[in-house]
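In: Structure here, sequence nowhere to be found:
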C-alpha cells in the first residue's frame, strides 16, 4: 500500500496508515516476540501489541524527523525527503483529511507538491509550512507518544520489575523522542 499511496493513487486514512506501518515496521519484532513466547510457553499478546505500537510510533517519529530535521536533510542530501518521494504519511493524511486550519486550496497544493517529486527546496518548504499550519505535525507527535504510552501501560503489568524492563522503557522513550 505504501508505494500505491505515494504514487498519487489514494490518500490513506489514519487507520489505514497505522495498519500499514504496523505490518511494515513491526513485523520483525512481532515475530521475535512470538518465537520467544513459544519457547517460554507464555501468551505473547500484550508484548506483541507493545512491539506493534512501538514500531508504529518509531515510524511516525521517523516521518517527523524527515520533515523537521535540518541535520537529517543534510545527511540525506534533501530537505523533506518523504515529501519529495510523495509519501502519504500520517502527517500528510491528517493535514489533508482532518485539518480545518488550512484551506481546501492549501490541501490541493499539498497534494500537487507531493505528486511533483520535486527537489526544489522552496517548494518542499512550502509543503512543510502547510503541514505545520495544519496542526498535523503536532498531532503526529502527540499520536506517537499516546500510542506508546497506552502500549506501555498494557505491557508494564506483565513484565517483572528488573533492569531489563527499565532498559525497555528507556528504549521506548528514546525511539519517540529522538531527533535523528
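Out: Yep, it's here. Please read these numbers as outputs of a predicted model, since none were measured by experiment.
In: alpha carbons only for contacts and neighbour counts from here, please
Out: Noted.
In: Could you pull out the buried residues of whichever strand or helix holds residue 146?
Out: Taking DSSP states H and E as the definition, residue 146 sits inside helix 136-156. Residues 136-137, 139-141, 143-145, 147-149, 151-152, 155-156 are the ones in helix 136-156 that count as buried (16 or more other C-alpha atoms under 10 Å).
In: State the next helix or strand along the chain beyond it.
Out: Past helix 136-156, the next helix or strand by DSSP H and E is helix 163-177.
In: before we move on, back to that, so what does the helix holding residue 146 touch, helix or strand wise?
Out: Helix 136-156 is packed against helix 45-68, helix 90-97, helix 163-177, with contacts defined by 3 or more C-alpha pairs under 8 Å, 6 or more residues apart in numbering; DSSP states H and E.
In: farthest-separated two in the buried residues of helix 136-156?
Out: 136 and 156 (29.4 Å; C-alpha to C-alpha).
In: Quick one: residues contacting residue 54.
Out: Contact analysis of residue 54 by C-alpha atoms under 8 Å, 6 or more residues apart in numbering lists 26, 147-148, 151, 172.
In: between those, which is closest to residue 46?
Out: Using C-alpha to C-alpha, those come closest to residue 46 at residue 151, 8.1 Å.
In: Residue 74 versus the closest residue to that closest one other than its chain neighbours, what's the distance?
Out: Excluding the flanking residues, the one nearest residue 151 by C-alpha to C-alpha, 6 or more residues apart in numbering is residue 50, at 4.9 Å. Distance, residue 50 to residue 74, by C-alpha to C-alpha, to the nearest Å: 33 Å.
In: Looking only at neighbour counts, state which of the two leads.
Out: Ranked by neighbour count (other C-alpha atoms under 10 Å), residue 50 and residue 74 place residue 50 first, with 27 against 10.
In: give the contact list for the closest residue to residue 119 other than its chain neighbours.
Out: Closest residue in space to residue 119, ignoring its immediate chain neighbours: residue 84 at 6.1 Å, by C-alpha to C-alpha, 6+ apart. Residues near residue 84 by C-alpha under 8 Å, 6+ apart: 113-114, 116-119, 124.
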